[in-house]
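Visitor: pasting the sequence and the predicted model now:
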Amino acid sequence: MSKFSHNDLIILLTSISVILIFARIVGEMGRKFKFPIVMGEIIVGVLLGPTIIGAISPDFFVRVFPKDGNVSIAFDGLVNLSVVLLLFVAGMEVQLSLVLKQGKTAIYTSFFSMLIPFATGFASAYYFPQWFGNNPDSGGDIFFSMFIGTALAISALPVIARILMDMNLFKSDIGMLIIATAMFNDLIGWLIFAFLLAMKSTEESLGVGYTILYIFGFGLFMLTIGKKIIDRSLPWIQTKLSWPGGVLSISIGVCMLCAAFTEKINLHAILGAFIAGIAFGDSVHLHEKAREIIHQFVTNFFAPLFFVSIGLRVNFIDNFDAMIVGVVLVLAYFGKVIGATFGAYLGGVKIKNAIAVGFGLNARGAMEILLGTLALSAGLISQKVFVALIIMALVTSITSAPMIRKFYVEKGK
Amino acid sequence: MEFDLNKLKKRPSYPFETIAAGLSFSPRMEAVLAEAKKIADVCNSKLVLIHVGEKTKEKEKLFDDILFRNNIEEKKVKIIWAEGDVVDTILKLCKLNIVDLLIVGALEKESILKFYLGSVARTISRKAKCSVLLLTHTSKGENAKKKVIVNAGADHPKTIHSINTALYFARRIGVKEITMVHEVHSPTLSMAISESSSAPEVTKMKKEFTEEESGKLHALIAKCDTGDLKINEKVIKGKPGFAIRQYAETKKADLLVINSPDTHLTFLDRIFAHDIEFILADVPCNLLIVHSRV
């Protein structure tokens, strides 16, 4: 391979600069209409990528975002790093104690808001592969079906948190229930997805038994012994090392180490990053300021790189299939809203508020996009299904707030 | 053992008409007994002394000596010797005797194994259907100067009962000043803020959050009869249970008053600790867990 040249560096820096500046401009415009920031980032990707600029001026597109060569490799490295860090910050917000604290209601809601979308997604993909553009004669693909189930079962904590905050429901019983359930959904969803990626790995597969054992072994170790070590070290790190540099480099360093370890044992790097995030985020010693700094660092630099890169690699017009989009949207709304509503109602929430919980958890946002991108890279799904998932993630995120508003009944009213 | 649960339902958390002390013939037994007597005297309560274990001549003799040394007349207290599982038996006897406050001695910190498996005092704290006073420190100094901190979680329906019980208890033991602490925990707040907020928006959001919580605490205290007690109000940020434990440690509190747990706590709650489990893991001072029976 040739050396990374002076020219390569200029192209890489220019492409990063174009991504960050445009993503910020469009994101800020969307913010005025209360659209999630990720929507602006996706739109910038579509505009800069093969869908618009690539179609109008292919030479310009290839020059700024080369498909191969040193710049492409370096950019891919940055995107992979972004994925790892996005999973780390997603893990940082998962607090299992919150699910336990919410008790029966959260457990019922979590269970049914996972089970029903997973089951409907799995069954549809397995028995009706043609709905997803697959050949019905070759029969249902178990990995693809499990992925569709997982993709429909997951929720997006960041966008949900933002919606609840904007609606002033953040500290309400319903808000806490939605947050706790989304945390649980994320945890289980990512564990299943890590399992799928490990099983689908092109490297030597570990086999079902060992994969499950490794995932749970690693998770258990990190969330018990690992967490204890982090708990003991954090006060020292935050007081003795320079602030906030110390906690920032140690936490991200540990995240990378865990990601490297899980990648090494043929589980995906995302698992290590996600579990490391939980171990750090759940620590009572992690200062709120440190948490905010890590979030800002990842959300404002790495997240745009990743979400814009999605539009750079997929042509959204060529891969738009109305039937697949329709199927994915119907399944997403049906499974999640019904499952979560049923669970919340069973857990003692009044029906209207239970429906509000269902629509709250229906927002898929960035997590779905992340999941879809990894599945696309791993060859689990086609570009058409990927585009359908992106559209579903955006539509569910945008419709969540108005639907919560429509059904939510304040206490005492 | 038969008991009428209806007698306990909706029974107010104070006054403490009947106080029981769980005694274990440990080196701390005499201190716990002396404290229980002192509290029973100031609260004009009946005192029930419970020991679960074999009744031997030696134990009886030791017990009589302790009663004598602490000026406790045997006929003025109810002494119960029982056998069986320590926690279950004590809790059943508390129900049977309509106990309002159970006093037990406890170590500030247990060994990891004992903590996760559940020691007697901590298991009682998790399961009791009456208020529990965990004594980790024996009383020293003037009561009037003692620092009492109440976990006044303004969003919880039980809190008002805990505050009123704390006010009642403080008056009885002669405390003059109480600090009401409201813990604020906003999981995912930093994530929500980092999604898309400008600097003035972040400042405004945080300010509003704090003001709203202070307002809630103030409104809650206004509903209680604080009388001549001096009340300090404080809003702290952090994980519930852990934040107030740290606050009590920092302020060198003598008594921390908290709500009883909402759910049946299991081993998992100790692994993924929350609320009372953070406090039980390392009890910062004497701990009054108010069971409001609502």
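Guide: Thanks, I have the structure now.
Visitor: can you spell out the domain ranges of the chain, please?
Guide: Defaulting to chain A. A:6-79, A:84-302+A:318-407 (automatic domain parsing).
Visitor: that was the other one, I meant chain B.
Guide: Per automatic domain parsing, the structural domains of chain B span B:1-105, B:140-294.
Visitor: low pLDDT regions in chain B?
Guide: Low-confidence segments of chain B (pLDDT under 70): B:1-7, B:113-118, B:139-144, B:190-197, B:294.
Visitor: and the helices in it?
Guide: Under the criterion DSSP state H, helices of chain B are mapped to B:29-43, B:57-69, B:86-96, B:112-117, B:120-127, B:159-173, B:189-195, B:199-222, B:242-250, B:267-271, B:276-281.
Visitor: want to throw these into CSV with distance to chain A and mean neighbour count?
Guide: Backbone N, C-alpha and C define where each C-beta goes, glycine included. Compiled in CSV, the helices of chain B are given as follows (distance: least, C-beta to the nearest C-beta, whole Å; neighbours: other C-beta atoms under 10 Å in any protein chain shown):
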stretch, distance to chain A, mean neighbour count
helix B:29-43, 30, 20
helix B:57-69, 40, 13
helix B:86-96, 21, 19
helix B:112-117, 9, 12
helix B:120-127, 13, 21
helix B:159-173, 15, 22
helix B:189-195, 4, 24
helix B:199-222, 7, 14
helix B:242-250, 4, 20
helix B:267-271, 6, 15
helix B:276-281, 7, 23
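Visitor: returning to what we had before: out of the domains of chain B, the one nearest residue A:141 is which?
Guide: Residue A:141 lies closest to domain B:140-294 among these, at 34.4 Å (C-beta to C-beta).
Visitor: what sits against residue A:113?
Guide: Residues near residue A:113 by C-beta atoms under 8 Å, 6 or more residues apart in numbering or on different chains: A:153, A:155, A:181, A:185, A:336, A:339, A:340, A:343, A:358, A:361.
Visitor: next, it: phi, psi?
Guide: With angles defined as degrees, to the nearest 10, residue A:113 sits at phi -70, psi -10.
Visitor: residue 151: neighbour count?
Guide: If you meant another chain, say so; for now it's chain A. Counted by other C-beta atoms under 10 Å in any protein chain shown, the residues lying close to residue A:151 total 30.
Visitor: that was the other one, I meant chain B.
Guide: 29.
Visitor: cool, and residue A:180?
Guide: Residue A:180, neighbours per other C-beta under 10 Å, totals 26.
Visitor: measure it to chain B for me?
Guide: The gap separating residue A:180 from chain B is 9 Å, by C-beta to the nearest C-beta, to the nearest Å.
Visitor: now name the helix or strand holding that residue.
Guide: helix A:173-200 (DSSP states H and E).
Visitor: contact residues of the stretch 51-200 of chain A facing chain B?
Guide: Residues of the stretch 51-200 of chain A lying near chain B by C-beta under 8 Å from any C-beta of the partner chain: A:89, A:92-93, A:95-98, A:100-101, A:103-104, A:157-159, A:161-162, A:164-165, A:170-171, A:179.
Visitor: and those, which are buried?
Guide: By neighbour count, with 16 or more other C-beta atoms under 10 Å in any protein chain shown, those hold A:89, A:92-93, A:95-98, A:100-101, A:157-159, A:161-162, A:164-165, A:170-171, A:179 as buried.
Visitor: now, which of the residues you listed lie within strands?
Guide: The members of those all map outside strands under DSSP state E.
Visitor: what does whichever helix or strand comes after the helix holding residue A:180 contact?
Guide: Sequence order places helix A:208-221 as the next helix or strand after helix A:173-200, per DSSP H and E. Residues from elsewhere that reach helix A:208-221 (C-beta under 8 Å, 6+ apart): A:191, A:194-195, A:198-199, A:205-206, A:261-262, A:265-267, A:271-272, A:275.
Visitor: and stretch A:65-81, by the same measure?
Guide: Contacts to stretch A:65-81, defined as C-beta under 8 Å, 6+ apart, come from residues A:1-5, A:8, A:11-12, A:15-16, A:48-49, A:269, A:302, A:305-306, A:309, A:312.
Visitor: of the contacts of helix A:208-221, the lowest pLDDT goes to which?
Guide: Checked by pLDDT, these have residue A:205 as the lowest-scoring entry (63).
Visitor: okay if I get the contacts of residue A:113 as TSV plus secondary structure and distance to residue A:216?
Guide: Shown next, in TSV, are these (DSSP: H, G, I helix; E, B strand; the rest coil; distance: C-beta to C-beta, whole Å):
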residue	secondary structure	distance to residue A:216
A:153	helix	19
A:155	coil	22
A:181	helix	22
A:185	helix	18
A:336	helix	26
A:339	helix	24
A:340	helix	26
A:343	helix	24
A:358	helix	30
A:361	helix	25
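Visitor: gap between the two ends of stretch A:310-325?
Guide: 17 Å (C-alpha to C-alpha, to the nearest Å).
Visitor: quick one: buried residues of it?
Guide: Across stretch A:310-325, burial judged by 16+ other C-beta under 10 Å covers A:310, A:311, A:312, A:313, A:314, A:315, A:316, A:319, A:321, A:324, A:325.
Visitor: average pLDDT for that stretch, rounded please.
Guide: Here the average pLDDT along stretch A:310-325 is 91.
Visitor: could you tell me how far it lies from the centre of the chain?
Guide: Computed by C-alpha atoms, centre = their mean, to the nearest Å, the chain-centroid distance of stretch A:310-325 equals 19 Å.
Visitor: and the contacts of that stretch?
Guide: A:42-51, A:54-55, A:65, A:131-133, A:369, A:373, A:376, A:382-388, A:390-392.
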